[in-house]
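Engineer: any chance you could fold what I've pasted below:
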Amino acid sequence: MGEIEQRPTPGSRLGAPENSGISTLERGQKPPPTPSGKLVSIKIQMLDDTQEAFEVPQRAPGKVLLDAVCNHLNLVEGDYFGLEFPDHKKITVWLDLLKPIVKQIRRPKHVVVKFVVKFFPPDHTQLQEELTRYLFALQVKQDLAQGRLTCNDSSAALLISHIVQSEIGDFDEALDREHLAKNKYIPQQDALEDKIVEFHHNHIGQTPAESDFQLLEIARRLEMYGIRLHPAKDREGTKINLAVANTGILVFQGFTKINAFNWAKVRKLSFKRKRFLIKLRPDANSAYQDTLEFLMASRDFCKSFWKICVEHHAFFRLFEEPKPKPKPVLFSRGSSFRFSGRTQKQVLDYVKEGGHKKVQFERKHSKIHSVRSLASQPTELNSEVPEQSQQSASLTFGEGAESPGGQSCQQGKEPKVSPGEPGSRPSPAPRSPAGNEQVDGATSAPTEEEEEVVKDRTQQSKAQPPQPSTGSLTGSPHLSELSVNSQGGVAPAHVTLSPNLSPDTKQTSPLISPLLNDQACPRTDDEDEGRRKRFPTDKAYFIAKEVSTTERTYLKDLEVITSWFQSTVSKEDAMPETLKSLIFPNFEPLHKFHTNFLKEIEQRLALWEGRSNAQIRDYQRIGDVMLKNIQGMKHLAAHLWKHSEALEALENGIKSSRRLENFCRDFELQKVCYLPLNTFLLRPLHRLMHYKQVLERLCKHHPPSHADFRDCRAALAEITEMVAQLHGTMIKMENFQKLHELKKDLIGIDNLVVPGREFIRLGSLSKLSGKGLQQRMFFLFNDVLLYTSRGLTASNQFKVHGQLPLYGMTIEDSEDEWGVPHCLTLRGQRQSIIVAASSRSEMEKWVEDIQMAVDLAEKSSSPAPELLASSPPDNKSPDEATAADQESEDDLSASRTSLERQAPHRGNTMVHVCWHRNTSVSMVDFSIAVENQLSGNLLRKFKNSNGWQKLWVVFTNFCLFFYKSHQDNHPLASLPLLGYSLTIPSEAENIHKDYVFKLHFKSHVYYFRAESEYTFERWMEVIRSATSSASRAHVLSHKESLVY
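Structural biologist: Alright, predicted model coming up:
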């Protein structure tokens, strides 16, 4: 009888490919030499249906064969895959990596071993390599064809449409139908043909890599994704099927899941003859017995399933490979089987640390020629995806097209490949020596520092349609395709994060997503410097230019509402007429006014730069243009006052209408909506603050005798009056918007947004429990402190574990008591918790804000009532709280709120950024970020690249958004800045340019060049506001200066 051994010990697997495989030994030990002697040829059937023959020593362990296959494919994340074959009893089993091959495959000449996906992670964004995602996509395609992956017709058609896009490219109805006639992707495909063609039409411009990503995004939400059924019977003799997944053991009746036993609830797994036993942890609330028993067809079937469970538990739950059991002296009892290889955490850590080289690969089934791709997308980017995202590891999102005849593995051919002989396998297509061209049929490898969340990588030369196609099905949130199209930064929306720890604890985060590559943008050399030097050098000119660049971004933000959102609303009957009449008529006049305003500013700058025959001296000013237009804005004040009303009406409408909620969520998934939708409704109020700041800088720069001083001072007086009138409304609406934004990130709480509640700070702290320090997200409001854990559901939301009312709370320094650095005890009237911050400065921020909030609560007449209806009580001490802190998908599904919100969710919101970078951010920081917004051209360079890329960069919401030009409707990529350091390059870095600043986080380094001293200082100023928090006292005094 076998049991799971849960004793993680130090050990690692991964490194450079070696003949003996990849070491799983402890430090100081050497791997056993690969057995010499007779070689045996074994046929491996790949996921693309080709067959390869590998020659390995007959007595070599299974690991040698698996490593040979991975080396042949240049596959870094090979641990997700396995080799399965029919044994002598015709039972399909996995190749044991520790046993000699000859003892497992009795007649290798007559056996075809299949290379398939073995471990399916809960989130496909944890797969950091494009090649890995391509192989997963092939597995999904295979499961569809074999009937393993069952789903409804709409899901099946959508999945196949992405497969077709990756194989033949953009929509062409005749070509589509011809291709579908020749290729059967699913039984009864003919009935779905029209739907497949209809969906395929929405994927125009999508690269094969993007198609893989979106295919997995849809597939992972299906109940049968990655499920392999094992027939069994329960104690009553009812026929059922057992399966194992990343979350635990599942029970199916037919293809319907009827039960699930999460790993956190399982104490022990064992088998005895044909009986498979699950021993559960004691639970007073559970209706199940302590031990569950299932009967399988035979002992071999039972043992095979038990082994799979052992491996899944170790791979997904342990930090390190379990240590081998000591060999018994006399006799053994039970199975000696154990999991061999890296755990998922070790895989993520290895890829994140960049200990590998990205390689090119070819897609067997793709018929997309690079000539066609280059013709339609001349500037397409090869990008990387989210360590994550978003942060240390990167996923390659190249085009992956291949030229005909360039496949390294042709059907029917069986090249013999011996492990340890890399020269004997087909080599990938050569890279372009220049580094700025793609070889036909190859995907360029991005640089290792790239860590941005890509919004889109395709910029077609053709005019864009008035409405972008995202491929998501309105009204069918479970079919929405790309949760990675997201808002980066503070309150951004989308990109799914890995449910692992932050980079600080050596786990991937979601913030590395498809990325900008060195090859993406035109290079800029030293001749640009001469061109820049011909521009005026007066500081006032660059201040005026800042007005122009930020006005462009502001107009684009207005168009999100007046054009994109309105166009989408007009096609769907999801929004009440009263709400439409409140939003759009109050934004359209603003858009029209600021369009003319921008034209006037650009005309003045053209005269200022001397690009006109007019007398330059008469036009070297901007105050008169500002004064005229600010006076014109006063006539729009009635519309500005309506924006707060529109925001409240929209959120109330979303609360009362599930259809409107789904509609707005689907719109937020569109690439053009790079921030939360409700943020755009506040943009006009924020823009007034920017005008005021610009005019203050102009008045400070000009002496009173200057010709422009008088107009600038008059314009400043006018805008100051408008800001003062709207300031109170602005503060109220910012808090209102932030509460609603946080509501989308939390489950287990029904009434977060209530009158009088104010958000103060959110961030990551470690909570001390019986299992040690566990990472938790804390949310501080003016009446309560919530702590949450990150869920494992598709929505990536945070589950509320407990709440501490602030009334009567005390704060104690507990470093000496618990021996944990930066440790605090928060004592409430009914419970206490011990938390630890990541640094002294973080601890001080939390202490300052919590103490301020407690003081405010003490001034109230009585303790605040229980406001969080769905929040469970948590009165346990650290030694008793282990059960409450167990993170379980079943637990997450327990609350009504979570069941209602299983739709695609934004994965790189500020909450997720703080989680992965182990930091915090306050409402005061958000308010400062609103004032510090900037746009303009910058040159960017990676640490190991030679040239500079010219990009249009927008800084907002603690995040840099990158565009190819200011005319683009949506960003290519984004880079959340929380946790980054801002410095000036040192002499040793050999950046011999002026106006260069450096951003770095761990191993990620970016250099940016500005065009002038003024713009350099401005970028430094605004980015510093995102990378370092100001003290509350300083900020409050700054905010008070805004009230007149």
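Engineer: how close does Ala717 sit to Ala245?
Structural biologist: 65 Å (Cβ to Cβ, to the nearest Å). From N, CA and C alone the C-beta is placed, and that goes for glycine too.
Engineer: give the bridge partners for Val117, please.
Structural biologist: Phe81 (DSSP bridges).
Engineer: residues near it, how many?
Structural biologist: 19 (other Cβ atoms under 10 Å).
Engineer: contacting residues around it?
Structural biologist: 47, 80-82, 135-136, 139, 226 (Cβ atoms under 8 Å, 6 or more residues apart in numbering).
Engineer: same check on Leu695?
Structural biologist: 623, 626, 712, 715-716, 719.
Engineer: before we move on, back to that, Ala717 and Ala245 - which one has more neighbours?
Structural biologist: More crowded of Ala717 and Ala245, by other Cβ under 10 Å: Ala245, with 20 against 12.
Engineer: how much space between the more buried one and His801?
Structural biologist: 24 Å.
Engineer: next one: Leu677
Structural biologist: 29 Å.
Engineer: now swap in Leu685 and tell me
Structural biologist: In terms of Cβ to Cβ, Leu685 sits 36 Å off from His801.
Engineer: dump the contacts of Leu695 into JSON lines; add neighbour count as well.
Structural biologist: Below are these laid out as JSON lines (neighbours: other Cβ atoms under 10 Å):
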{"residue": "Gly623", "neighbour count": "24"}
{"residue": "Met626", "neighbour count": "28"}
{"residue": "Cys712", "neighbour count": "27"}
{"residue": "Ala715", "neighbour count": "26"}
{"residue": "Leu716", "neighbour count": "21"}
{"residue": "Ile719", "neighbour count": "25"}
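Engineer: what is the most widely separated pair among these?
Structural biologist: Pairwise distances across the contacts of Leu695 peak at 11.9 Å for Gly623 and Ile719 (criterion: Cβ to Cβ).
Engineer: low-confidence ranges in the stretch 901-1044 of the chain?
Structural biologist: Within the stretch 901-1044 of the chain, the segments meeting pLDDT under 70 span 901-908, 1028-1044.
Engineer: quick one: the helices in it?
Structural biologist: 910-917, 923-931, 1013-1027, 1032-1040 (DSSP state H, counting those that start in this stretch).
Engineer: ok, now which ones touch Ile227?
Structural biologist: 148, 243, 245, 250, 252.
Engineer: ok, how many other residues are close to the first one?
Structural biologist: Here the neighbour count serves as a burial measure; for Arg148 (other Cβ under 10 Å) it reads 17.
Engineer: OK, contacts around it?
Structural biologist: 224, 227-228.
Engineer: reformat the helices of the stretch 901-1044 of the chain as TSV; add mean neighbour count.
Structural biologist: As requested, the helices of the stretch 901-1044 of the chain are arranged in TSV below (neighbours: other Cβ under 10 Å):
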stretch	mean neighbour count
helix 910-917	29
helix 923-931	21
helix 1013-1027	18
helix 1032-1040	13
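Engineer: packing partners for the top helix by length along the chain?
Structural biologist: Selection of the longest helix in the chain by residue count, based on DSSP state H, yields helix 709-745. Using 3 or more Cβ pairs under 8 Å, 6 or more residues apart in numbering; DSSP states H and E as the contact test, the elements touching helix 709-745 are helix 623-633, helix 637-656, helix 677-681, helix 683-701, strand 759-769, helix 910-917, helix 923-931.
Engineer: and Val113, how close does it get to Val310?
Structural biologist: Relative to Val310, and taking Cβ to Cβ, Val113 is found at 21 Å.
Engineer: who has more neighbours, those two?
Structural biologist: Set side by side, Val113 and Val310 show more neighbours around Val113, with 25 against 21, by other Cβ under 10 Å.
Engineer: please report phi then psi for that one.
Structural biologist: Main-chain dihedrals, Val113, degrees, to the nearest 10: phi -90, psi 130.
Engineer: that one contacts Met46, correct?
Structural biologist: No. Counting by Cβ atoms under 8 Å, Met46 is not a contact partner of Val113; they are 10.4 Å apart.
Engineer: list the contacts of Lys114.
Structural biologist: So Lys114 contacts 44-45, 83-85 (Cβ under 8 Å, 6+ apart).
Engineer: please identify which helix or strand holds Cys70.
Structural biologist: helix 62-73 (DSSP states H and E).
Engineer: and that helix, what does it pack against?
Structural biologist: Partner elements for helix 62-73 (3+ Cβ pairs under 8 Å, 6+ apart): strand 39-45, strand 51-57, strand 81-86, helix 101-104.
Engineer: quick check: which of these is nearest to Lys642?
Structural biologist: That would be strand 81-86 among the helices and strands packed on helix 62-73, by Cβ to Cβ, at 57.1 Å.
Engineer: list the buried residues in whatever helix or strand comes next after that closest one.
Structural biologist: In the C-terminal direction, the helix or strand that comes right after strand 81-86 (DSSP H and E) is strand 92-94. For strand 92-94, the neighbour count (16 or more other Cβ atoms under 10 Å) marks 93-94 as buried.
Engineer: identify all contacting residues around strand 92-94.
Structural biologist: Counting by Cβ under 8 Å, 6+ apart, 82-87, 104, 118, 304, 307-308, 311 sit against strand 92-94.
Engineer: one more time with 7 Å, if that's ok
Structural biologist: 82-87, 118, 304, 308 (Cβ atoms under 7 Å, 6 or more residues apart in numbering).
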